[in-house]
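> how would this look folded up:
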Amino acid sequence: MDIFGHDLSAAQLKRRTGDLSAIAGIRQVVLDNGSERGVRAVEVRTAAGLEFDLLVDRALDIGNARFRGVPFGWRSGNGFRHPGLHEHNDEGGLSWLRSIDGLLVSGGLDHTLFGGTVDSSNYAYPPKPTVTHGLHGRLTAIPARLLEAGEHWDGESGTLKVSGEVIQATAFGEHLRLHRTVEVDFDGKEIRLHDVVDNLGFEKTPHMYLYHLNFGWPYVDAGSEVVAPIKSHLWQSDSIAEQRIGYRILPEPIRGFVEQVTEHELVAGPDGRHRVALISGDGGRGIELSWDAATMPYFFEWQNLRDGQYALGLEPSTNRVQGETAAREDGSLTWLEHGESREYRTTIRVLDGVAETSASRAAIRAIYGQPE
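The predicted model follows:
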C-alpha cells in the first residue's frame, strides 16, 4: 500500500502504529445541533486523503466529501436535515429542494424526477386509486438500517466497507428495499457504490432510480470542463437558449442564474460502462464517474450556477428526463414483480494532478467525442 509516500505491507504498517485508525478508518458519529440533530453518520477516511461521510439516516447517501482537505461535494446551505423534518408533499411537491445537500442524494425508489399523480390500481386498494409523488421520490428522507461498518483485510490489501438497507413501504402500496454497499481501499482515491433494489411486496411495483451527484467549488469553478462521450443532446431546458451558457465550460457564479438541465446521450465504453469527468481549467484536479450503462442508460447534467449555490450535478438515471408519466405511456417504466431486483454499480474517482486528468480525458475521448 502507498501510505503517505511509503510502500508498506499491512504487517509493516501495523508495526508502526498501535491503531490503524490513525492512518485510515471508519468512525460512527451522531450529528447533534440544529436541523441535523439526531442524524447518524459514518465518517470514512483513507490514507490517500479521501474523506467522506455516509448519512445513515438519509438513505446512506454521501454528505461531506473532501480530498486532502479540499471539498468536492457540494453544500447547498440546507444542512443534512433530520428526515423527520422533511415535508414530502409541500410546495407543490418541490419541498425536496429543502433537503438536497451533499455529494450524493439518491432519488427513488418507485419515482424520480418531477412529481405528479399516477395510477396505483396495481396495489388493488380501492380507497387509493392514485398516488401522488414529489420531486425525486421519498428515498432521501428514509433512515437506513446500518448492517456493517468496518475494515476488511485480504493479505496485504485493506478495504473500508459500509453497508445498510433502506425499506420504502406502506400498507396497500410499494414494499421496496435498497441494499447499499460502499467500499474504498485503505489507501484509495475512489468510492465504489453497489446498490441492489428488490421488491419485497407481492404486487407488481414501479421502480425508478437516479443518483443526484453534486459537485461544488473549487472543483466547480470558472473554466472547469465537463468531459463526456456525448453523441447528442436529447433534451435541454429553455433556460439554456435564454441564458446562452453552454454545458461544457463552466463560468463564474452568476447572480439570478436559472437552473439549466441537459439530457446527454452518452456512448458506453467497451466495458459497458458510461464514463464522465469534471476537470478543472488548469487540469490540476478532477472527478471521474463511471457506472453500468445497462442499468442506468440515461444521464443529465444539472447546472445551478447562481451566487451562493454554484453547483454542478451529474446524474445517472434509469429513465429519461420526461419522468414517470411519460415512461408509463411509452412502456419504458421498470416494473418489479415479487422477488425481482435491479443492481447498480458506480465509481466516484478523484483525479489528482495533470497526469491523472489527462489520462481520464484521453480514455473518454477514445470512446467518443462531444459537441462544443
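
> Going by neighbour count, which residues in stretch 7-21 are buried?
8, 10, 13, 20 (16 or more other CB atoms under 10 Å). Backbone N, C-alpha and C define where each C-beta goes, glycine included.

> May I have the secondary structure class of residue 359?
helix (DSSP: H, G, I helix; E, B strand; the rest coil).

> Look up how far residue 275 lies from it.
Distance of residue 359 to residue 275, computed by CB to CB, to the nearest Å: 12 Å.

> Which of those two has more residues huddled nearby?
More crowded of residue 359 and residue 275, by other CB atoms under 10 Å: residue 275, with 24 against 12.

> show me the contacts for the more buried one.
Contact analysis of residue 275 by CB atoms under 8 Å, 6 or more residues apart in numbering lists 228-229, 269, 288-290, 363-364, 367.

> Now pLDDT, secondary structure and distance to residue 153 too, for the buried residues of stretch 7-21, in a markdown table please.
Compiled in a markdown table, the buried residues of stretch 7-21 are given as follows (pLDDT from 0 to 100; DSSP: H, G, I helix; E, B strand; the rest coil; distance: CB to CB, whole Å):
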| residue | pLDDT | secondary structure | distance to residue 153 |
| --- | --- | --- | --- |
| 8 | 93 | coil | 13 |
| 10 | 91 | helix | 6 |
| 13 | 93 | helix | 11 |
| 20 | 93 | helix | 10 |
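
> Tell me the one of the residues you listed nearest residue 248?
Closest to residue 248 out of those is residue 8 (41.6 Å), distances taken as CB to CB.

> what's the burial count for the closest residue to that closest one other than its chain neighbours?
Once flanking residues are discounted, residue 8 sits nearest to residue 1: 5.8 Å by CB to CB, 6 or more residues apart in numbering. Residues near residue 1, counting by other CB under 10 Å, number 20.

> Ok, residue 332 next?
Taking other CB under 10 Å as the criterion, the count of residues near residue 332 is 14.

> quick one: it is in a helix?
No - assignment of residue 332 by three-state DSSP gives coil, placing it outside any helix.

> check contacts around the closest residue to it other than its chain neighbours.
The shortest distance from residue 332 to any non-neighbouring residue, by CB to CB, 6+ apart, is to residue 319 (6.6 Å). Applying CB under 8 Å, 6+ apart to residue 319 gives the contacts 112-113, 208, 210, 298, 327, 332-333.

> which ones are touching residue 353?
284-285.

> and the gap between it and residue 103?
Taken as CB to CB, the span from residue 353 to residue 103 is 21 Å.

> what's the answer for residue 83, then?
For residue 83 relative to residue 103 (CB to CB), the value is 18 Å.

> more crowded one of these two?
The neighbour comparison of residue 83 against residue 103 (other CB under 10 Å) goes to residue 103, with 26 against 18.

> and residue 245, how many neighbours does it have?
Neighbours around residue 245, by other CB under 10 Å: 16.

> Residue 321 too?
Close neighbours of residue 321, defined as other CB under 10 Å, add up to 20.

> can you give me the helices for the stretch 1-150 of the chain?
With helices called from DSSP state H, counting those that start in this stretch, the stretch 1-150 of the chain shows them at 10-14.

> The stretch 201-350 of the chain now?
Chain-ordered helices for the stretch 201-350 of the chain, with DSSP H, counting those that start in this stretch as the definition, fall at 238-243, 324-330.

> would you turn those helices into a markdown table with distance to residue 97, mean neighbour count and mean pLDDT?
Supplementary listing: these in a markdown table, determined by distance: least, CB to CB, whole Å; neighbours: other CB atoms under 10 Å; pLDDT from 0 to 100:
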| stretch | distance to residue 97 | mean neighbour count | mean pLDDT |
| --- | --- | --- | --- |
| helix 238-243 | 16 | 13 | 96 |
| helix 324-330 | 18 | 15 | 97 |
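
> Of those, which is nearest residue 135?
Of all those, helix 324-330 comes closest under CB to CB, at 11.5 Å.

> who's in contact with that closest one?
Contacts of helix 324-330 (CB under 8 Å, 6+ apart): 111-113, 116, 118-119, 133, 206, 208, 319-320, 333.

> Of the residues you listed, which is the nearest to residue 25?
residue 112 (33.8 Å).

> residues in contact with the closest one?
136-137, 208-210, 317-319, 323-324.

> again with residue 333
Residue 333 touches 206, 208, 319, 324, 327, counting by CB under 8 Å, 6+ apart.

> which stretches of the stretch 101-250 of the chain form strands?
Here the stretch 101-250 of the chain has its strands, by DSSP state E, counting those that start in this stretch, at 104-107, 116-119, 130-133, 145-154, 157-169, 175-185, 190-199, 205-207, 210-215, 225-227, 230-236.

> Kindly reformat the ones you listed as CSV containing mean pLDDT and distance to residue 44.
Shown next, in CSV, are the strands of the stretch 101-250 of the chain (pLDDT from 0 to 100; distance: least, CB to CB, whole Å):
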stretch, mean pLDDT, distance to residue 44
strand 104-107, 98, 13
strand 116-119, 96, 37
strand 130-133, 96, 32
strand 145-154, 95, 9
strand 157-169, 97, 6
strand 175-185, 98, 6
strand 190-199, 98, 8
strand 205-207, 98, 28
strand 210-215, 98, 17
strand 225-227, 98, 27
strand 230-236, 97, 32
